[in-house]
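Chemist: starting from these lines, generate the structure:
(one chain, ligands or ions: 1)
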Amino acid sequence: MKRITIAIDGYSSCGKSTMAKDLAREIGYIYIDSGAMYRAVTLYALENGLFGSEGIDTEKLKQAIPNIQISFQLNPETQRPVTYLNGKLVEDRIRSMEVSSHVSPIAALDFVREALVKQQQEMGKAKGIVMDGRDIGTVVFPDAELKIFVTASAEIRAQRRYDELKAKGQEASFEEILSNVKERDYIDQNRAVSPLRQAEDALLLDNSNLTIEEQKQWLAEQYQRVIHG
Ligand code: DC
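Modeler: Coordinates of the predicted model:
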């Protein structure tokens, strides 16, 4: 069977990773959550005091980049990939509100993007990969055979993230999450380096009114169409 590259981009908290992960598991592809990589760099910066009152200490972060090792391993119980930062499991910590509210300025730094894009391209060299993020179809894998751009209303996305945090027993305020979602949309779309945009050859999926099952089905059909087309 032909192996392809699948790029799934879109707004934050729109269910991209759920559908990308499930598809990868079903078709035996590697799944990479590129947002987790930006989040891991952000956690590193927070833990090492690189956020000061005057913003990010970009010089120190630039020096540290070669020493920031990000990897993914399958959790044997859930069979889902979890994120490691320099050998430490950080999956829960990178999803915290603290990281969510600091990640956009980190993801806007050109030297951070350059380093992570290089690693992402390396991971996808052999194809057979599903990667989700913001610039996968436009920058990381412009030649991907299947590109999807996912969107949903900000309120629906905030509600999903709220439910997710609550389910994990974490404190959450809907209003705070909604303003974080809107702020990240703005920064993601307006940053100078690799702003979020739909690739010309990407298929648009608005999943505001779709169940997880329905969007899974839709994605599986797109995959079949490309494989057999
Ligand atoms: O998908 P997410 O919410 O976990 O992404 C976290 C942040 O990283 C988000 O603010 C956008 C940024 N990001 C990016 O700039 N490029 C990517 N390929 C993936 C995420």
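Chemist: which parts of this structure are helices?
Modeler: Here the chain has its helices, by DSSP state H, at 16-27, 34-47, 58-64, 97-100, 103-107, 110-123, 154-167, 174-190, 212-228.
Chemist: residue 178 and the ligand, how far apart?
Modeler: 14 Å (Cβ to the nearest ligand atom, to the nearest Å). All C-beta atoms are positioned from the backbone trio N, CA, C, and that covers glycine.
Chemist: that residue touches residue 155, doesn't it?
Modeler: Yes - under the criterion of Cβ atoms under 8 Å, residue 178 makes contact with residue 155 at 6.6 Å.
Chemist: which one's more surrounded, the two?
Modeler: residue 178 (17 against 13; other Cβ atoms under 10 Å).
Chemist: contacts only, for the nearest residue to residue 129 once chain neighbours are set aside.
Modeler: Of all residues not flanking residue 129 in the chain, residue 30 sits nearest, at 4.8 Å (Cβ to Cβ, 6 or more residues apart in numbering). If a contact means Cβ atoms under 8 Å, 6 or more residues apart in numbering, then residue 30 has 24, 123, 128, 129, 130 as its contacts.
Chemist: need the residues of this structure near the ligand, please.
Modeler: The chain comes close to the ligand at residues 12, 34-35, 38-39, 103-104, 107, 133-136, 184, 188, as judged by Cβ under 6 Å from any ligand atom.
Chemist: bridging residues for the residue nearest to residue 143 when sequence neighbours are not counted?
Modeler: Leaving aside its chain neighbours, residue 143 sits nearest to residue 5 (7.3 Å; criterion: Cβ to Cβ, 6+ apart). Per DSSP bridges, residues listed as beta-bridge partners of residue 5: residue 129.
Chemist: just residue 206 next, same as before
Modeler: Using DSSP bridges, the bridge partners assigned to residue 206 are residue 151.
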